[in-house]
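Asker: requesting a structural model of the entry that follows:
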Amino acid sequence: MSLVASAVQAEPPVRLYAAGSLKAAMSEIAAAFERETGIAVAGTYGASGLLRDRIANGENTEVFASANMAHPESLAKSGRAGPVFVFALNQLCALAGPTIGVTTETLLERVLDPKIKLGTSTPKADPSGDYAWTLFEKAETLKSGAYAALAAKAQMLTGGPNSQPPPANRIVYGKLVEDGAADIFLTYCTNAVAARKESPSLKVVAVPEALAVGAQYGLTVMKDARPEADKFAAFIRSPMGRALLVRHGFRLPPAK
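Answerer: Next up, the predicted model:
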């Protein structure tokens, strides 16, 4: 083994904190990066808001990939992180149980039905929850009283500081719908599609255009990070990284 190879292998892994919805894609990107550079990446995944708080409170990470722009931008404004880049796009979808009659056209009517259990993630802690509440605001423009009704009935089942930890090797949203905790769960389309792959009886329902909510994912590198972290962040935004994001169902902002 050469001295160069030994030095690379001895280098500590790049420390990554990333949104839970990025876990599958980012794990594959990290593996490709290690194959290309010899530099390992150690990923920690969870609700972006909770990860942001951990970083702000002094936890030692180098790259932060959030499911929104606000959380990494707050770290940049505080001087903890560098510039923030949009690197991936997502969209809200509805994940429904096999016996729930729902289509794109009837989605608003069904989620307003008092008999339907509506699941979301937790606002402020997890951007997915914030995006769900944005959908509720849009619903109010279509039907008076919809916002109050949806905000009152939504069950915040994931993404909060006191939420049950997700099951090992399962998409938590599909498990919650399967178990009857929610009849319809509002989550990212990438999550919904992955849940349906695990449980083909579940239904993925597109949100109608009038209620559509898009998600911008923000990427930043901490100010005290090593050069290897900058290399990994650049790799995420490279053609290879972008291709792997698309493979996992994400859409892309224009390349810069």
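Asker: tally of neighbours for residue 152?
Answerer: Counted by other CB atoms under 10 Å, the residues lying close to residue 152 total 8. C-beta here means a position set from N, CA and C on the backbone, and glycine is covered the same way.
Asker: distance of it relative to residue 67?
Answerer: As judged by CB to CB, to the nearest Å, residue 152 and residue 67 stand 25 Å apart.
Asker: residue 32 too?
Answerer: Taken as CB to CB, the span from residue 32 to residue 67 is 21 Å.
Asker: likewise residue 116?
Answerer: For residue 116, the distance to residue 67 - CB to CB - is 25 Å.
Asker: these two - which one has more neighbours?
Answerer: More crowded of residue 116 and residue 67, by other CB under 10 Å: residue 67, with 28 against 17.
Asker: and the pLDDT for the more buried one?
Answerer: At residue 67, the model reports a pLDDT of 97.
Asker: number the residues from 4 up from this point.
Answerer: Sure, I'll start numbering at 4, so the last one becomes residue 70.
Asker: next one: the helix or strand hosting residue 20 to chain centre, how far?
Answerer: Here residue 20, judged by DSSP states H and E, is contained in strand 17-22. Strand 17-22 sits 13 Å away from the centroid of its parent chain (CA atoms, centre = their mean, to the nearest Å).
Asker: surely residue 95 meets residue 215?
Answerer: Yes - assessed by CB atoms under 8 Å, residue 95 is found in contact with residue 215 at 7.3 Å.
Asker: the two: which is more packed in?
Answerer: The neighbour count for residue 95 versus residue 215, taken as other CB under 10 Å, is higher for residue 95 (23 against 14).
Asker: mind listing what the more buried one touches?
Answerer: 131, 134-135, 138, 189-192, 210, 215-218 (CB atoms under 8 Å, 6 or more residues apart in numbering).
Asker: please narrow the residues you listed to those residing in strands.
Answerer: Counting by DSSP state E, the contacts of residue 95 place 189, 190, 191, 217, 218 in strands.
Asker: the last one contacts residue 90, correct?
Answerer: It stands for residue 218. No - counting by CB under 8 Å, residue 218 sits too far from residue 90 to count as a contact (11.9 Å).
Asker: between these two, which one's more packed in?
Answerer: residue 218 (24 against 21).
Asker: quick one: residues contacting that one.
Answerer: Counting by CB under 8 Å, 6+ apart, the residues that residue 218 touches are 70, 71, 92, 93, 94, 95, 130, 131, 134, 191.
Asker: make JSON lines out of the residues you listed and add distance to residue 182.
Answerer: Listed next are the contacts of residue 218 as JSON lines, based on distance: CB to CB, whole Å:
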{"residue": "70", "distance to residue 182": "24"}
{"residue": "71", "distance to residue 182": "28"}
{"residue": "92", "distance to residue 182": "30"}
{"residue": "93", "distance to residue 182": "25"}
{"residue": "94", "distance to residue 182": "25"}
{"residue": "95", "distance to residue 182": "22"}
{"residue": "130", "distance to residue 182": "24"}
{"residue": "131", "distance to residue 182": "19"}
{"residue": "134", "distance to residue 182": "23"}
{"residue": "191", "distance to residue 182": "20"}
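Asker: I'm done for today, thanks for sticking with me.
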